[in-house]
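**Q** sequence first, predicted model second:
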Amino acid sequence: MFTPLSTLSPIRGQLWKLASGFALLVHPRHLARKFVRCFLLIQYTVICWCARYYRYCNTPAELVTAVEMALRGLVAIITGSSSGVGAGIALAFSKEGAKLSLTGRNLKNLEEVVKDCKKAGCQDVLTNVGDITQDAFRKTLVESTKKKFGKIDVLVNNAGISSLCPLQSATKDQYDRMMALNVEAPLFLTQLAIPHLIESKGNVINISTAGTSTIAPGGGVYVMSKVALEAFTRYLAQELATKGVRVNTVNPGIVPSQMISRIVDDKGQAAEVEKAMIKATPMGRACAPEEMGHIVAFLASDKAGFVTGESFRADGGFTMTTPAIA
């Protein structure tokens, strides 16, 4: 017999509601409905996750990684960027969202690097072709970069030159050319950029060599210039630390580049020299230019915001086991 709820006490009424609700839940018809609803919910959830995964996989890389770009919006001057390590740095910076001011002496090579950078997603690229050892060109480089982009955040002093010349037979011309490009150019270009770097709280990265920690026959003058560059890094880092500007050095090991060919092209030994250096590298390979570029990009980013005055060696273990190359 059905008992009206109005005739029950409040507590008994609540118990009756619960009991009635439970009876409805366990009724076969309601159980079937809930099973169907649960199945549809699971199916809907799976479809949603599949759709999200498909959309992620088919979204252009530059959109997927936009929030991960460590250099997004930063303006970087990269010298010697028409080949080798400089080109690798430019490409790595492009993928990290930087705006680029590239310079080199080979217009054709520089144009190819610009094409690669644009394919990597960087549409803001300024180029200046000229000799970085000249005062007027350095001034033009800094002023044109500031004019186009409105700021300068990163300066990468990568341009360099080497030559096999034992100290006992090195000429004044060989010494002057290496010191002019490897030491004087970074010093005076950096001086021009410092006011802008202070304004942006930016940083300077100088490209040295792993050879400053080992001995390579015939590399005396070249290594002298790079040791000077590393001293420049430490002293400038100390001077600019209180102004929020970081200064660091990267010391690459063997990187396939035109420099090796230029050093030994008169002897036709470029391939042999590169092979010997790779053999002396514990990791058993050379470093790809872009691979070195990602190391430079890390130091240029806020991820290395507490690093200054340091020399960052990336040589595959070369200097760890190689006191000299015969």
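**A** Yep, that arrived.
**Q** where do the helices sit along the stretch 151-300 of the chain?
**A** Counting by DSSP state H, counting those that start in this stretch, the segments of the stretch 151-300 of the chain that form helices are 172-179, 185-200, 220-240, 258-264, 270-279, 289-300.
**Q** for residue 178, list the residues it contacts.
**A** Neighbour list for residue 178: 161, 162, 163, 221, 222, 225 [criterion: C-beta atoms under 8 Å, 6 or more residues apart in numbering]. C-beta: built from backbone N, CA, C; applies to glycine.
**Q** residue 310 versus the residue nearest to residue 252 when sequence neighbours are not counted, what's the distance?
**A** Using C-beta to C-beta, 6 or more residues apart in numbering and skipping residues adjacent in sequence, the residue nearest residue 252 is residue 292, 5.3 Å away. Distance from residue 292 to residue 310, counting by C-beta to C-beta, to the nearest Å: 16 Å.
**Q** which one of those two has more residues nearby?
**A** Taking other C-beta atoms under 10 Å, residue 292 and residue 310 do not tie; residue 292 has more neighbours (23 against 17).
**Q** right, and that one touches residue 314 too?
**A** Yes: counting by C-beta atoms under 8 Å, residue 292 does reach residue 314; the two are 6.4 Å apart.
**Q** hey, what's in contact with both of these two?
**A** What both residue 292 and residue 314 touch, as defined by C-beta under 8 Å, 6+ apart, is the set 250, 252.
**Q** residue 229 reaches residue 182, doesn't it?
**A** Yes: if you go by C-beta under 8 Å, residue 229 and residue 182 touch, sitting 6.2 Å apart.
**Q** so these two - more neighbours on which side?
**A** Taking residue 229 and residue 182 together and counting by other C-beta under 10 Å, residue 182 has the greater number of neighbours (27 against 22).
**Q** list the contacts of the more buried one.
**A** 160, 161, 222, 225, 226, 228, 229.
**Q** look at it and report its pLDDT.
**A** Predicted confidence (pLDDT) for residue 182: 96.
**Q** state the distance from it to residue 221.
**A** Going from residue 182 to residue 221 by C-beta to C-beta gives 9 Å.
**Q** excluding chain neighbours, what is closest to residue 101?
**A** The spatial neighbour of residue 101 that comes closest, neighbours along the chain excluded (C-beta to C-beta, 6+ apart), is residue 145 at 4.1 Å.
**Q** give me the phi and psi angles of that neighbour.
**A** phi -70, psi -50 (degrees, to the nearest 10).
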